[in-house]
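Asker: Sequence first, predicted coordinates after that:
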Amino acid sequence: MDRVHGQVTRALFAGALDSLGPSWCMVSPGQYVPEPEPWSAPISATRSLSIAAAHRSSRWPLLLAGAAVVLYVAVFFVLRMRLYDGLYIGLWDQGFIQQALYNTLHGRPLEISISHEGYTHLFAEHFFLFALALLPFYALAPHPATLFLLEAVATGGGGLALYLVARRRLGNDWLALALAVAYLLHPTLQWANLGLVWYGFHLENFFPPLFLLAVAAADAGRPRVAGALFVLSLSVAEVFAIPVALYGLARAARRPEDRRLGLTVLLAAVLSESPLPFSRSQYVEPRWLYYV
């Protein structure tokens with residue numbers, strides 16, 4: 001009797017809820033949950049639109065940073081060519097880098113004759129291993145303009161690399177954009193890019209973008225890419241082993257999860273110095289005095 005009474009009670013209760021209209025629906029016998037209210041769909045759509053708008057707005061700093069880099073490359077490539085055509089470019093690094101690339105293409109690997117100390121190999125000046133990375137581009141167009149364009153792209157690309165580092169570390173895209181633009185506007189960077197009067201093309205200008213890209217890759221959790229970029233930055237010249245080694249040591253000490261990467265970078269920087277005692281084969285010189 002009690003069981004029949006319970007079933008009748010549940011049936012009556014269900015009918016009473018059904019009379020409330022479509023705002024209630026039955027999931028299982030005796031269990032009811034409210035249906036979504038009609039105004040919930042517009043709210044979800046509005047929220048989706050706001051998220052999409054925020055995503056689009058967050059792309060503006062990156063687009064503006066890229067535009068600043070393109071503008072920098074165009075302006076400083078034209079300025080460099082005007083200096084070159086006006087005979088305001090020196091024959092120091094410009095001369096022996098271009099000569100080493102040209103001689104390599106003609107069967108005399110990295111051979112030079114432009115040296116105030118009588119060196120006949122590029123590595124006697126500096127351990128410019130990165131010069132070989134420029135060889136395919138120079139082979140396509142063996143002209144100083146090729147080197148000027150590559151240097152302008154590399155120097156300007158440092159601003160974009162700095163933007164990537166600052167955006168992740170500061171958590172503010174617009175502040176990262178401001179730092180990138182300030183980097184590109186810095187007189188020291190522009191002077192180094194133009195190479196006015198003395199150096200001309202300067203291979204050392206390739207180090208900042210490579211190093212900053214390596215830091216960006218490390219911050220993004222891509223240790224293999226970061227390691228490859230750190231090694232590539234070390235190949236620019238031997239003088240950059242010290243900042244790379246210090247960075248590796250600091251990263252290993254401050255971030256335990258990156259200890260392996262930091263120690264690997266430190267070891268790579270130390271090993272990059274091993275060819276130095278043999279780089280100037282015509283002279284016996286303690287190269288460690290150079291760093292002191």
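Answerer: Structure's in. What do you need?
Asker: Could you say which helix or strand holds the most centrally placed residue in the chain?
Answerer: Compute the mean C-alpha point of the chain, and by Cα atoms, centre = their mean the closest residue is residue 213, 2.6 Å away. Secondary structure from DSSP states H and E places residue 213 in helix 207-219.
Asker: so how far is residue 113 from residue 139?
Answerer: 21 Å (Cβ to Cβ, to the nearest Å). Bear in mind the C-beta positions are built from the backbone N, C-alpha and C, glycine included.
Asker: next one: residue 244
Answerer: Residue 244 is 32 Å from residue 113, by Cβ to Cβ.
Asker: quick one: which of those two has more around it?
Answerer: Taking other Cβ atoms under 10 Å, residue 244 and residue 113 do not tie; residue 244 has more neighbours (22 against 11).
Asker: Not counting sequence-adjacent ones, nearest residue to the more buried one?
Answerer: Spatial nearest neighbour of residue 244, excluding adjacent residues (Cβ to Cβ, 6 or more residues apart in numbering): residue 269 at 4.4 Å.
Asker: residue contacts, the one you found?
Answerer: Contacts of residue 269 were listed using Cβ atoms under 8 Å, 6 or more residues apart in numbering, and they are 234, 241-242, 244-245, 248.
Asker: buried subset of those residues?
Answerer: 234, 241, 244-245, 248 (16 or more other Cβ atoms under 10 Å).
Asker: Residue 130 and residue 232 touch, don't they?
Answerer: Yes. Using Cβ atoms under 8 Å, residue 130 is in contact with residue 232, at 7.2 Å.
Asker: taking the mean pLDDT, what do you get for whatever helix or strand residue 243 lives in?
Answerer: In this assignment (DSSP H and E), residue 243 forms part of helix 241-254. Averaging pLDDT along helix 241-254 gives 90.
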